[in-house]
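Novice: predicted model and sequence below, questions to follow.
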Amino acid sequence: MGESLKRTPLALVEEAENLEKESYILIVQNGETFKIPTSKVLSEQQKDVCVKNVYIESGRLFIVLSNDETIDAGLVNAEVPTYGVRRDIPSHSPELTRVGDAVGLVAEVAVGNETVRNDFDNIYPWCEIKRCTLADDGTVTSYFGDPNYTENGSKGQVMVEIPKFYLAHYFDESGAKEYWSISKEKINNKYRLPKPFIAKDGTELDKIYIAAFKSTNEISGMLDSRGGNFYSNTFTYANTIEFAKARGKNWHQFDLAELTDVIYPLFIIEFATLNSQSVFYGNCDYSKYPHEDNVYICENHCWGDWTDEIETIIDNGFYFCIGNMAKYEYFVGQEINITTTEEYATGDLDYKNGDNSLATRKILDISVEHTDAEGNEYCYLVFDGDPVLLNAETATFTLNMDRNGITNTVLESASSGSLKATEGNCDFVYRGIENLYGEYTWVAGAFAKDTKYYITDNLDAYGTVLTDDYKAVSYDVIDKSGYITKFGYDADVPWALLPTEGNGTSETDFCDSFANRGMSSLRGVRFGGGTNLSCGLFHLQCNTVITATGGSRARLSYRNYE
């Protein structure tokens, strides 16, 4: 037996001492006293059993009871911090109380490129979550910040590396309090390794990878994750599964275990809220999609009588009109496409096509220059980059939507943030994962059929058929649409969280809705959302049959499963 595995005997000082209304076991090793709350390691039935022996093995404290039962009381060779939150279920409040070492911590997100305070940037595992490029065989080829790092796909898929951690998710005895807690080590038996960090043969994985960007499918028949002059696309469920596997062994569509057992707790604990839209509203407004507006090259053209004979200008700004019935507003930080000639489509993101070319530029400033009697506002817009040739008769502009990497400027100053703080067209990035929710994204490893959910963590079983690999969970699907108040818990599959009650509102409990048509056909699961309040991190739908031709977004994942 190696030195690290030797049992170190300890002197038992006192089996049960009542301190501050809590029962403790006090243990001394080499002059150091360990005070172990019995409530942390013993059940109610065990508290009346005598302690027979205690010892340390591999840095963990073990307590042997008089009935010869051995209890793993957790690590004692170092102070291991735990970061958690507590939910007061009867209050229906989405706001959570920080507990453990998370008390007093602050987690702010940036708007644009502002600098903010986020204490979790220096706390494991959040501080080790980072972008990288991954070869098809799972080899990391570069990390964000390396001299050779690029997001154009030439060095592999752009992924977010997440290191393993231990998770405790439980309720108190009354069922009125719900806890989530994360630690770098397995503190006690309440903590477990999240399912995605366990390989098919049971070995532990040190890291998993989730795509930084939604897939573009510009590589035929294969999902990707690339940033730059690439735009996300939509896919049928069948194509999502097939195209993810086509990239190679261990590649798969983002799945239920990664969503509910990794992303959920990381997000919930960092921001201490279940109201995900209070952190990032999401790019979820259908009015965001390209609506062409006219470009005016002078004031007289914009709100005058056009007596000015100016025909073209070369500039970094123009006038436009916002009607009082406008469905959305433009804001600083947005990207727009401006019609111009090929000679002036000089940027890396620009589209060259003769006189029908597009210059992609970012808005630097918008100012209201005139308001008419009907309340229409006439604005002047300034954009970055090279100046553009603007034609008085033909120039127009639209929003540039769904470009992968549109939030990269946020990452220059903060680990997470959005282009805008308020409702509407709010592209955002959470620790390197761009636009995590706000648009529907397929979830692999889960189906709904009749009244039951069926799940699997076997990557090989991901497909369009309900095979024997899928097992029904112990709770039923919500039989109608509504705002989620409760997620089901099955002790045999604690990593799978799916809605079981939907009687809330957009401001209570999980603040996100659930949709189900109750069909007998096999239905897929997707998350993220559609428009406004009908979206968010916890928003889920299982109302689309697997054979449907309609599409949602796809996001690659990789873990060394086998």
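Specialist: Now that the structure is in, tell me what you want to look at.
Novice: pLDDT below threshold where in the stretch 51-200 of the chain?
Specialist: 56-60, 73-78 (pLDDT under 70).
Novice: strands of that one, start to end?
Specialist: Shown for the stretch 51-200 of the chain, the strands assigned by DSSP state E, counting those that start in this stretch span residues 51-57, 60-65, 70-75, 82-88, 97-100, 110-111, 130-134, 140-143, 157-163, 166-171, 177-183.
Novice: what's in contact with the shortest one?
Specialist: Which is strand 110-111. Contacts with strand 110-111, where a contact means C-beta atoms under 8 Å, 6 or more residues apart in numbering, come from 116, 410, 413, 414, 416, 417, 418, 419, 420, 421. From N, CA and C alone the C-beta is placed, and that goes for glycine too.
Novice: Throw the residues you listed into JSON lines and include neighbour count, thanks.
Specialist: Listed next are the contacts of strand 110-111 as JSON lines, based on neighbours: other C-beta atoms under 10 Å:
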{"residue": "116", "neighbour count": "16"}
{"residue": "410", "neighbour count": "24"}
{"residue": "413", "neighbour count": "13"}
{"residue": "414", "neighbour count": "21"}
{"residue": "416", "neighbour count": "28"}
{"residue": "417", "neighbour count": "27"}
{"residue": "418", "neighbour count": "26"}
{"residue": "419", "neighbour count": "25"}
{"residue": "420", "neighbour count": "20"}
{"residue": "421", "neighbour count": "16"}
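Novice: out of those residues, list just those in strands.
Specialist: 416, 417, 418 (DSSP state E).
Novice: for the first one, give its distance to residue 110.
Specialist: The gap separating residue 416 from residue 110 is 7 Å, by C-beta to C-beta, to the nearest Å.
Novice: related to what we said a few turns ago, of the strands of the stretch 51-200 of the chain, which is nearest residue 553?
Specialist: strand 157-163 (15.6 Å; C-beta to C-beta).
Novice: and the closest one with strand 130-134, angle?
Specialist: Angle, strand 157-163 to strand 130-134, by axes from the mean of the first three to the mean of the last three C-alpha atoms, to 10 degrees: 130 degrees.
Novice: re the thing from before, need the residues touching each of residue 416 and residue 110.
Specialist: Common neighbours of residue 416 and residue 110, counting by C-beta under 8 Å, 6+ apart, are residue 410.
Novice: one step back: just the contacts of strand 110-111 now: which is nearest residue 495?
Specialist: Among the contacts of strand 110-111, and counting by C-beta to C-beta, the member closest to residue 495 is residue 416, at 24.0 Å.
Novice: for that closest one, what are its contacts?
Specialist: Counting by C-beta under 8 Å, 6+ apart, residue 416 has contacts 109, 110, 118, 280, 410, 428, 429, 430, 431.
Novice: need the CA coordinates for stretch 412-427. PDB is fine.
Specialist: Output in PDB follows, covering the C-alpha atoms of stretch 412-427 (Å, rounded to 0.1, in the frame of the first residue of the first chain):
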ATOM      1  CA  GLU A 412     -12.100  41.400 -24.500                       C
ATOM      2  CA  SER A 413     -13.100  42.900 -21.100                       C
ATOM      3  CA  ALA A 414     -15.400  40.400 -19.400                       C
ATOM      4  CA  SER A 415     -16.000  36.700 -19.100                       C
ATOM      5  CA  SER A 416     -19.700  37.200 -19.900                       C
ATOM      6  CA  GLY A 417     -21.900  39.900 -21.300                       C
ATOM      7  CA  SER A 418     -24.200  41.200 -24.000                       C
ATOM      8  CA  LEU A 419     -24.300  43.800 -26.700                       C
ATOM      9  CA  LYS A 420     -27.200  45.500 -24.900                       C
ATOM     10  CA  ALA A 421     -28.700  45.400 -21.400                       C
ATOM     11  CA  THR A 422     -32.400  45.800 -22.200                       C
ATOM     12  CA  GLU A 423     -35.000  43.800 -24.100                       C
ATOM     13  CA  GLY A 424     -34.800  43.000 -27.800                       C
ATOM     14  CA  ASN A 425     -31.900  42.100 -30.000                       C
ATOM     15  CA  CYS A 426     -29.400  41.200 -27.300                       C
ATOM     16  CA  ASP A 427     -26.700  38.800 -28.500                       C
END
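Novice: what about that stretch, distance to the chain center?
Specialist: 14 Å (C-alpha atoms, centre = their mean, to the nearest Å).
Novice: likewise for stretch 340-349?
Specialist: The chain centroid and the centroid of stretch 340-349 are separated by 35 Å under C-alpha atoms, centre = their mean.
Novice: now do it: distance from first to last residue.
Specialist: One end of stretch 340-349 to the other measures 14 Å (C-alpha to C-alpha, to the nearest Å).
Novice: which parts of it are buried?
Specialist: Neighbour-count burial for stretch 340-349, counted by 16 or more other C-beta atoms under 10 Å, picks out 340, 341, 344, 345, 347, 349.
Novice: circling back to that earlier point, for the contacts of strand 110-111, which one is nearest residue 241?
Specialist: Set against residue 241, the nearest of those by C-beta to C-beta is residue 416 (29.2 Å).
Novice: so in terms of bridging, what pairs with the closest one?
Specialist: Beta-bridge pairing for residue 416 (DSSP bridges): residue 430.
Novice: what distance do you get for it to residue 266?
Specialist: According to C-beta to C-beta, residue 416 and residue 266 sit 11 Å apart.
Novice: list the residues that contact both of those two?
Specialist: Common neighbours of residue 416 and residue 266, using C-beta under 8 Å, 6+ apart, are residue 431.
Novice: remind me, longest strand of the chain?
Specialist: strand 357-371.
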